[in-house]
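Student: Sharing a sequence plus its predicted fold:
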Amino acid sequence: MHAGTRTLITISLFLLSFAVVLPSAPVFHALPHRDSGVFLYIGQQILEGQVPYRDIWDHKGPLIFYMNALGLALSGGSEWGVWVLQLFLLWTAAYLGYTALDRQLGAGASLLSTVVWLANLALVWDGGNRVEGFALAFQFAALYALCRLEHRRLQALVVGCSFALSFLLRPELAALPLTVGVYLVGSRACARHFRASLDCGLSIAAGGTAVFLLAILVFWPQNALGSMVDATLLYNLAYVSTPPLAHFAAISGGSKVLRICFAGYVASGLLLLWSLVPNRLPQPPTALRLVGLGSFGLALVGVGLSGMGYRHYYIALLPPIHILLCLLFWLVSSTAEMAHLPPFLGGRAFRHTCGLLIALALNTDAIWSMGVQMGQSAQMLNHPVHPVVAYLAANVQEDDYVLVWGAEASINFLSGHRSPTRYAYQYPLYTIGYQDNEKTLEFLHDIEARKPSVIIDTSSTNPAIPPLDPSQRQQWAPSRAWFRAPSAMADVYAYIDTHYRQAKVIESLDWRIYGVVGN
């Protein structure tokens, strides 16, 4: 490919990546969304010497916290650093995905499928700063290693590192690197190249082990490894204990969120049928066909594992869908070349036009969504400081603790006030299968020992957590079937009722701010 053309494609992919992440830029939002607020707060605390899980609880893999810490460190503590880091990694993912397939399946097919998945990402970006978004670069690195790296040991090492990095964000996100690794080892074993298969497997294991050992060395000396296992394993086991129908609903719901998810189903079926037709028809590369189908199936299982069906979960489907769509474009083009169609129908320009029309059809929802998001974001331009953050700046001393009752840890991040407890949000205290009175009493002891000067009750916009107001709390019914208050929580309510009184109501949200009695 001409150098100028490749440069133009690289710039175009950057501009499309920029358009996807632009609506989530900090300038458009007074308060980050819940998950992002937790990650930003933990990243902030890491820079102040705190250790995830031991000092601040969350159930995500550790890498997301250190990615946020890196972004904050690069920008002097500003949320902009995390946003720019996301943009860079998304651009990297798009470029790796395009480059991985352009040589084997053609630049046109690879570019079309890249544009389709990247544009559709706008439908599920969901405010950004999600583990799924950060994982894209690692997932496509494994695909790039499969298709582009000729040095076999380096190829295996990259796949192993990609698997471990994806796993440390969330285990389900390692589907594509895992499938690539299985293929590399299995294809050599099937060809009876057992020594090469063993060497490949050991190299993959070496790459993954190096990353995992680094993570262990971060937490073990700081006595946080047990807390990490407790939060990431035991809590998540309780979290995924949902009815089987919920898992199926989450998987089938993908087509409602992403039109290209349905296209992935169609492409999978066609690729499976294609293997049954006579060999005189063009056959796609075996490696890409097996990796595409295998990783798509594993990613679907991962999406349905929790049964929740959150929009950002479907980001995990985009890398395997990229492979499947690219294979589909290649099959259509290759079949047209062999069919001896009339020059008009069989010409390259006609095939490319058809491909563009298909891509446009698959991107209709995404283009509309980007327009709507930009319109909504423009209305928030130059937004005022969030009223809660403004209240804390005016009424709370710099070194005072602030307890957020609910899950809006972004308040702690934006205000700079540390939570008095590692349970900066209280979901683990209410989750059936994980909760126990010991954790609740730890929470109570932290409040008693550090005595936050302010408690902010955000339950009006998050009914998963009961209100602090006793009369409202009696009528509370959890919005999640697997949430309930443990018996020891009565002691927490009694302590807060005795030592705190409502001082202010943020009327736009009905959030209630409680201050210490007598202050």
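Tutor: Structure received.

Student: what's near enough to touch Val516?
Tutor: With Cβ atoms under 8 Å, 6 or more residues apart in numbering as the criterion, the residues that contact Val516 are Lys451, Ser453, His499, Tyr500. To be clear about C-beta, it is placed using only N, CA and C from the backbone, and glycine gets the same treatment.

Student: ok, 6 Å please
Tutor: By Cβ atoms under 6 Å, 6 or more residues apart in numbering, no residues touch Val516.

Student: ditto for Thr458
Tutor: Per Cβ under 6 Å, 6+ apart, neighbours of Thr458: Gly406, Glu408, Trp511.

Student: What distance do you get for the second one to Arg418?
Tutor: The reference is to Glu408. The gap separating Glu408 from Arg418 is 15 Å, by Cβ to Cβ, to the nearest Å.

Student: Next: the first one.
Tutor: For Gly406, the distance to Arg418 under the criterion Cβ to Cβ works out to 17 Å.

Student: Same drill for these two, tell me which one is more crowded.
Tutor: Gly406 (24 against 21; other Cβ atoms under 10 Å).

Student: Local confidence estimate at the nearest residue to the more buried one once chain neighbours are set aside?
Tutor: Nearest residue to Gly406 in three dimensions, chain neighbours excluded: Thr458, at 3.5 Å (Cβ to Cβ, 6 or more residues apart in numbering). Looking at Thr458, its pLDDT is 95.

Student: give me phi/psi at Thr458?
Tutor: Taking degrees, to the nearest 10, you get phi -100, psi 20 for the backbone angles of Thr458.

Student: For the protein, which segments are assigned as strands?
Tutor: Counting by DSSP state E, the segments of the chain that form strands are 402-405, 454-457, 500-506, 511-516.

Student: Distance to Phe14 added to these, as TSV?
Tutor: Formatted as TSV, the strands of the chain follow (distance: least, Cβ to Cβ, whole Å):
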stretch	distance to Phe14
strand 402-405	37
strand 454-457	39
strand 500-506	39
strand 511-516	39
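
Student: Determine which of those approaches Trp220 most closely.
Tutor: strand 402-405 (30.0 Å; Cβ to Cβ).

Student: Sheet partners, orientation included, of that closest one?
Tutor: Take DSSP bridges as the rule and strand 402-405 pairs in its sheet with strand 454-457 (parallel).

Student: I'd like the distance between Glu442 and Trp57.
Tutor: For Glu442, the distance to Trp57 - Cβ to Cβ - is 10 Å.

Student: what about these two, which has more around it?
Tutor: Trp57 (25 against 16).

Student: Just list the residues touching the closest residue to the more buried one other than its chain neighbours, thanks.
Tutor: Of all residues not flanking Trp57 in the chain, Arg422 sits nearest, at 4.7 Å (Cβ to Cβ, 6+ apart). Residues near Arg422 by Cβ under 6 Å, 6+ apart: Asp55, Ile56, Trp57.

Student: residues near the first one, how many?
Tutor: Here the count is done by other Cβ under 10 Å, and Asp55 has 20 residues near it.

Student: Need the per-residue pLDDT for it.
Tutor: Reading off the model, Asp55 has pLDDT 97.

Student: for it, what are its contacts?
Tutor: Arg422.

Student: could you measure it against Leu214, distance?
Tutor: 20 Å.

Student: now the second one
Tutor: Distance from Ile56 to Leu214, counting by Cβ to Cβ: 20 Å.

Student: out of the two, which sits in the busier spot?
Tutor: The neighbour comparison of Ile56 against Leu214 (other Cβ under 10 Å) goes to Ile56, with 25 against 11.

Student: what's near enough to touch the more buried one?
Tutor: Ile42, Gln45, Gln50, Arg422, Ala424.

Student: Who wins on neighbours among the residues you listed?
Tutor: Ile42 leads the contacts of Ile56 on contacts (other Cβ under 10 Å) with 28 neighbours.

Student: Do I have it right that that one meets Phe65?
Tutor: Yes: between Ile42 and Phe65 there is a contact at 4.5 Å, judged by Cβ atoms under 6 Å.
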